[in-house]
Each structure stands twice: as C-alpha cells, then as structure tokens.
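Q: could you look at this predicted model? Sequence included:
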Amino acid sequence: MSIQKPSIPKGTRDFGPEKMAKRNYIFSTIKEVFTRFGFLPLETPSMENISVLTGKYGDEGDQLIFKILNSRLYEAKNKEELKAEFDKGLEKNTNSDVLTEKALRYDLTVPFARYVVMNRNEITFPFKRYQIQPVWRADRPQKGRYREFYQCDADIVGTDSLLCEAEIVLMVHEVFKKLKIENFALKINNRKILSGITEIIGKPGCETDFCVAIDKLDKIGIEGVLKELREKDFDEKSIELLLPILHLQGNSKEKLEAMKGILKSSSTGLKGIEEISIVLEKVDLLGLQNSSLEFDLTLARGLSYYTGAIFEVKAIGVQIGSISGGGRYDNLTGVFGLPGVSGVGISFGVDRIYDVMEELNLFPEEHLNSTKILLCYFDEKGQQFGLPLLTKLRAECINSEIYPDVAKIKKQLDYANKKQVTYVGIIGDEEIKTGKVAVKNMVSGEQESLTIEEIITKLK
RNA sequence: GUGGCCAUAGUUCAGUUGGUUAGAACAUCAGAUUGUGGUUCUGAGGGUCGUGGGUUCGAGUCCCAUUGGCCACCCCA
C-alpha cells in the first residue's frame, strides 16, 4: 500500500488540547447556567432513522441531511431494485429505505421531539432538558460554517406558558454575561406577527418567501428586500402596504404599539403582539438589568417548525452569523403522533461563540494550563524517590506529573515550559538526602527547598 | 446548487521574461551547557512544488483537466 497523506473530511476539524480547554470552558459555562435554570441533560444517538428527520427542515434543509448508506448492500437479494432506487436518487433527491435508512442528526430539536413522543409516559411535564452534542450538515463550509458542529440546546416542552420564553431570555443573558460577551443583541419576534403581516398586505400563505426576504433587511436594505419580494410575485399594492411596516422606528414598546394598530384586522397578528408584550412584561418582573432584548419584526429565521416566538442572538462587532437562536414550536411532536405538546427552546452555537471569543480575546488564561507541578530528576534513584511523592500530590487533588524518561534537566524544564506548567520539583542526590524537593516557580524563577507537606500546602 | 480567489518544507510565505543543485523565517531534533528552562550561537533533518495530462531543448513558473482549501451568494449555528 502506498503512503497516503492524512486528511480529514471537508468542513470538519480536530480540536487540540489548547482548543479543547477553551471549548470546555464554553461548554461548562453553558451547562452550569442550564442546570441553574432547572434543565436536565439528555443525549440521543448520532444517527436517527431517516424518516424521523426528513420533512422537518424544509426543502433546503432536507438536502443538507447527511445520509448513511446501508451496510452489506452487496449481500442484498434484489440487486435490480437497488439499482433502480439508486438511479431514481440520481434523478432527484429521494430517500429509499433499501439504500439508506439512517442519517446523521441535523439538529437537536427534532431528535428531542422524537424522544419526548417515545417516552411520553415516563416524562413529567413540563419537561426541561438540555442537550449538548454535535450535529451534521452537508453544507458547503465557509466562515463560521462547518459540516460538523456542536449545538447546546435547552428546551421546555409540555407548556405554552410565555414565562418559558421570558426565562430563556434571562438564560441567554446569563450565559453571555458569564462568557464576557457583553455586547450582543437578542432579537425577538413572533411568527404570528409575520403571518399577520402577510394577511394585511394581501399575501396570506406566502410566509416562507416573505420571511426569507425580510430576514435580510439589515444586510441588503429596504430596496433589496423589495426587489426580492417583487421577484417572488409580490405585487405593488402589497409592497405599498408593507413599506410603513419596514420603516417602523422606535424602541420595542413603541414598535409593538404601532404594530397593534397596523395589525388590527388580523387576529393572528394581534395574538403575536400580545404574546411578545407578555414576554417583555415577565422579563421585567424577573428583574433583568441592562437588557439586550429587542423586538425586531424583520427577524424571521428559516426553520419551518417555529410557530410562536423566535429568538436570535448576534454578537456586535464581529462579522459572523448568529451565535444563538431558537423559538416556540407548537406542534413538533404532532408528526410523531403526539399533538398538543407545545415547546420552546434555545440553541447556542458553540463553534461560532468560540470564534467570537477568540476574535475578541475573551478566554481567561488560567483555564489553559492544567498541570500544576512537574517532577524532574537526574537518574533512576530520583525517579524512585519521586513516584511516591507524585501519588501523594495526586491524592491531594493537585494536578501533577513526572517526566517519564531519564533525560537532561534542560529537556525536562523545556517540557514544563512548553506545557505552561507553573511549578517544577527537581529531585537530585541532595534532595533525596534531605527529603526536600527543590521547587521552582517557572514564571518568577524563584526556587526553594520544601518537604512534600510544604509543597502540598503551597500548591493547594 | 451558483460565482470569485488560492495551492511550494510541520507552519507562514519568497521564488525575476520559463533556465541548470527550489530558498527564508518560525517550528522540530542535536550540540555549545555532566544540577536548572524561556535568550543567544552552531549544526542537522525535512519537498515527487496538490494530482494528472499538455506546450517546450527545458515547467514551481505557461495551458487544460481534476482534487482540496478559503471567501461570497443561497441557506444557516
């Protein structure tokens, strides 16, 4: 076999020790906040039966699902059928159970819905779960966009209380405050308002086209949105009715007031307004200070299963897509045979949060080095002397290691230096005789002779 | 799915109108230094110039194809 250059698939990444330390810092922060808000952990398999996933993310989303080829196809009895199904798949994007019956999960919400339905009798509702796992999308990678990435979801199902939305708002603030990402915008809107607008402008049922276009407002401007709408067969009368909505100014409360007037003939739209108002009220009652929450009626979001509130978080001052998003979905479990379970959730995009924090230099230093002391020695005798000490240090929960080879002291110190180990304990004949180890601080260069008990006190 | 840019050592990059043995910095390893690191100095290893074809006396350099990477659009975390 010829030597091959090693590589990893497009859009995937390795995470070395340094990156993992930073990633774990984000994960543990988010986990801590989730737990504090009463969410419990859940994990689901990387792969789902393909029928669980398809049809949940819209046409565009379905195409991005990674499918898993059935194994042992070569043993199949009816090869003709296989070939026919494969040819059909080449013609258009179809799924065939004989070729592929599993797929990698595309997000965490749909597998969660599947879990809820399957375990409906064991679950106590309202059910609050969090889930931190990778998801896969057969997208073309680019900045802030990967084919394998992590989502951190927290969802509440089994209640339609708007207090849940408010709690999510609080939780988002808490997470980003802890991560020191102070400058962010949490935008909130409601799908019912968007539906209401399509009713008002005489284009009911065209929500998808409308949402896709209006979502780009801050990117392509009003003219761009109008151009796109015209291309989607929105007539001039509709556009004329839409214009005052697009030009709406003011803070969240003022915009809500104005929309109340505009949507007065749409009961759906008014319902949306009322919902957001209640959320804002609850957020106030929960005592949120310095809120980054903002009502933005141009926020649309792609996923087709949202029915009520929608959220999106963007970091201000960093050119990257949204770092968090979510919303309420009234009937996600309906397709799995369990109607009437409303849920609302939020998803944090760790990979993008990582990129943002890297760009803004927000990672704290102390999380990067994990070994506190490295024991160094000159010969076999030194190692023998060091091993019991090492065990004592570890028994005291002090992260410690010993250099595995008899090597030059320079090399051992070099190793400590590169791993950013703060202390080294040097063991030579002198130390063995007195029972004290020469402990050197690698940052300051100071060195002192200490007994093992003194070392433990010093490093604890 | 559409479009643009790029590909040379482990990494970041030089490489002249096409010319003989493809360079530098950093990184790695070793030595200067037999009980003390980061600095310095010396040396060493490391390349089928992404891959395949073509033009040419001659290709890292020009042309075509292909693969991979980055970026924008679509969409999205």
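A: Cool, the structure landed. Numbers count the residues shown, from 1 in each chain, chains lettered A, B, ... in the order given.
Q: going forward, measure contacts between C-alpha atoms and count neighbours the same way
A: Noted.
Q: what parts of the stretch 201-350 of chain A come near RNA strand B?
A: With C-alpha under 7 Å from any atom of the strand as the criterion, the stretch 201-350 of chain A meets RNA strand B at residues A:212-213, A:301-303, A:321-325, A:347-349.
Q: how about the helices in the stretch 201-350 of chain A?
A: Secondary structure of the stretch 201-350 of chain A, counting by DSSP state H, counting those that start in this stretch: helices at A:207-214, A:217-231, A:236-246, A:252-262, A:267-285, A:350-360.
Q: all helices of the stretch 351-460 of chain A, in order?
A: Read by DSSP H, counting those that start in this stretch, the stretch 351-460 of chain A holds these helices, from start to end of the chain: A:380-395, A:409-418, A:429-434, A:452-459.
Q: could these go into a markdown table alongside distance to A:Leu40 and mean neighbour count?
A: Output for the helices of the stretch 351-460 of chain A, formatted as a markdown table (distance: least, C-alpha to C-alpha, whole Å; neighbours: other C-alpha atoms under 10 Å):
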| stretch | distance to A:Leu40 | mean neighbour count |
| --- | --- | --- |
| helix A:380-395 | 31 | 16 |
| helix A:409-418 | 39 | 15 |
| helix A:429-434 | 51 | 13 |
| helix A:452-459 | 35 | 13 |
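Q: of those helices, which is nearest A:Asp87?
A: The closest of the helices of the stretch 351-460 of chain A to A:Asp87 is helix A:409-418. By C-alpha to C-alpha, the value is 55.7 Å.
Q: packing partners for the closest one?
A: Contacting helix A:409-418 under the criterion 3 or more C-alpha pairs under 8 Å, 6 or more residues apart in numbering; DSSP states H and E are the following elements: strand A:373-377.
Q: run me through the strand neighbours of the strand it packs on, direction for each.
A: According to DSSP bridges, the neighbouring strands of strand A:373-377, each with its direction, are strand A:400-402 (parallel), strand A:423-427 (parallel).
Q: can you tell me the average pLDDT over the first one?
A: Which is strand A:400-402. Strand A:400-402 comes out with an average pLDDT of 94.
Q: next one: it to chain centre, how far?
A: Averaging C-alpha positions (C-alpha atoms, centre = their mean, to the nearest Å) puts strand A:400-402 34 Å from its chain's average.
Q: in the stretch 151-300 of chain A, what residue comes closest to RNA strand B?
A: Closest to RNA strand B within the stretch 151-300 of chain A is A:Val212: 4.9 Å, counting by C-alpha to the nearest atom of the strand.
Q: you'd agree that residue is up against A:Leu299?
A: No. Between A:Val212 and A:Leu299 there is no contact, the gap being 9.5 Å when judged by C-alpha atoms under 8 Å.
Q: more neighbours: which of these two?
A: It is A:Leu299, of A:Val212 and A:Leu299, that has more neighbours when counted by other C-alpha atoms under 10 Å, with 23 against 18.
Q: for the more buried one, which non-adjacent residue is closest in space?
A: Ranked by C-alpha to C-alpha, 6 or more residues apart in numbering and with sequence neighbours excluded, the top spatial neighbour of A:Leu299 is A:Asp215, at 5.3 Å.
Q: related to what we said a few turns ago, determine which stretch of the strands paired with strand A:373-377 is the most buried.
A: strand A:423-427 (a mean of 24; mean count of other C-alpha atoms under 10 Å).
Q: next, the angle helix A:409-418 makes with that strand.
A: Orientation check (axes from the mean of the first three to the mean of the last three C-alpha atoms, to 10 degrees): strand A:423-427 against helix A:409-418 gives 160 degrees.
Q: contacts made by strand A:423-427 with the rest, please.
A: By C-alpha atoms under 8 Å, 6 or more residues apart in numbering, the surrounding residues in contact with strand A:423-427 are A:372-378, A:382-383, A:385-386, A:413, A:416, A:437-442.
Q: what subset of the residues you listed is also close to RNA strand B?
A: Contacts with RNA strand B are made by A:Phe378, A:Leu413, A:Ala438, A:Lys440, A:Asn441, A:Met442 out of the contacts of strand A:423-427, judged by C-alpha under 7 Å from any atom of the strand.
Q: burial count for the last one?
A: Neighbour count for A:Met442, taken as other C-alpha under 10 Å: 17.
Q: so what pLDDT did it get?
A: The score at A:Met442 is 91. That number is its pLDDT.
Q: all strands of the stretch 101-250 of chain A, in order?
A: Across the stretch 101-250 of chain A, reading from the start of the chain, the strands by DSSP state E, counting those that start in this stretch fall at A:102-104, A:127-136, A:148-157, A:184-190.
Q: turn these into JSON lines, including distance to A:Gly89 and mean pLDDT.
A: Shown next, in JSON lines, are the strands of the stretch 101-250 of chain A (distance: least, C-alpha to C-alpha, whole Å; pLDDT from 0 to 100):
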{"stretch": "strand A:102-104", "distance to A:Gly89": "15", "mean pLDDT": "93"}
{"stretch": "strand A:127-136", "distance to A:Gly89": "21", "mean pLDDT": "95"}
{"stretch": "strand A:148-157", "distance to A:Gly89": "24", "mean pLDDT": "94"}
{"stretch": "strand A:184-190", "distance to A:Gly89": "37", "mean pLDDT": "92"}
